[in-house]
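> Give me coordinates for this.
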Amino acid sequence: MERRFFIAHSKSVSDEEMVEILANAAIVLNKASKGKPYVMTTGRDFFERKFKEVGSWDAWTNLVVTGVDYLTREPHFHGFLVPVTGADGIGGATARIVELAINARRPIFAFDMKGRSARIVNVKRVNARDFQTGWRLVVGSDFT
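Predicted coordinates:
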């Protein structure tokens, strides 16, 4: 059975940035999967497929983290990856996905554009007026 991973990127990433994000996510997952099959789904793709169906950001973020397939009863996603691209922070929807995943004890990792990753242990709001970049990730150790 293939494992499914959600890439929780900024809504504003360009197509070129997405290529780099996916390449580095694949490096991280190739190391972690030890040859087992996996599938990556971008936030952009899942948003296009499901947002209208659920109708709100809150419902969508809940679906990302806690949703299960009706037929298989398997979670939509087995793990979550958040790219750290050099931008100053993360947005509200990504922060909510991080919070939900941590609270549900689901695997969630940050990864950089060098193919290194670290477990995310918390997310902190640093600017209450900035919904696009007002949160920061707290990782458990250095990127490896």
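> Which neighbouring elements make contact with the host helix or strand of Asn30?
When secondary structure is defined by DSSP states H and E, Asn30 falls within helix 15-33. Using 3 or more C-beta pairs under 8 Å, 6 or more residues apart in numbering; DSSP states H and E, the elements in contact with helix 15-33 are strand 3-7, strand 38-42, strand 79-84, strand 108-112. Quick note: C-beta positions are derived from backbone N, CA and C, even for glycine.
> ok, now with 10 Å
Packing partners of helix 15-33 (3 or more C-beta pairs under 10 Å, 6 or more residues apart in numbering; DSSP states H and E): strand 3-7, strand 38-42, helix 43-54, strand 79-84, strand 108-112, strand 117-125.
> Next, the angle strand 79-84 makes with the longest one.
What separates the directions of helix 43-54 and strand 79-84 is an angle of 120 degrees, with axes from the mean of the first three to the mean of the last three C-alpha atoms, to 10 degrees.
> any idea how far helix 43-54 is from the chain center?
On the basis of C-alpha atoms, centre = their mean, to the nearest Å, helix 43-54 is displaced by 14 Å from the centre of the chain it belongs to.
> got the contact list for that helix?
For helix 43-54, the external contacting residues (C-beta atoms under 10 Å, 6 or more residues apart in numbering) are 6-11, 13, 15, 18, 41-42, 57, 59-64, 67, 76-77, 80, 82, 93-94, 97.
> Specify the stretch among the helices and strands packed on helix 15-33 that is closest to Trp135.
Set against Trp135 and scored by C-beta to C-beta, these come closest in strand 117-125, at 5.3 Å.
> buried sites along that closest one?
Of the residues in strand 117-125, those buried by neighbour count under the rule 16 or more other C-beta atoms under 10 Å are Ser117, Ala118, Ile120, Val123.
> re earlier: which among the contacts of helix 43-54 count as buried?
Among the contacts of helix 43-54, those classed as buried by neighbour count (16+ other C-beta under 10 Å) are 6-10, 13, 18, 42, 60-61, 63-64, 67, 76-77, 80, 82, 93-94, 97.
> tell me the pLDDT at the nearest residue to Pro107 once chain neighbours are set aside?
Distances taken as C-beta to C-beta, 6 or more residues apart in numbering place Gly79 nearest to Pro107, at 4.1 Å, with adjacent residues excluded. According to the model's per-residue confidence, Gly79 sits at a pLDDT of 97.
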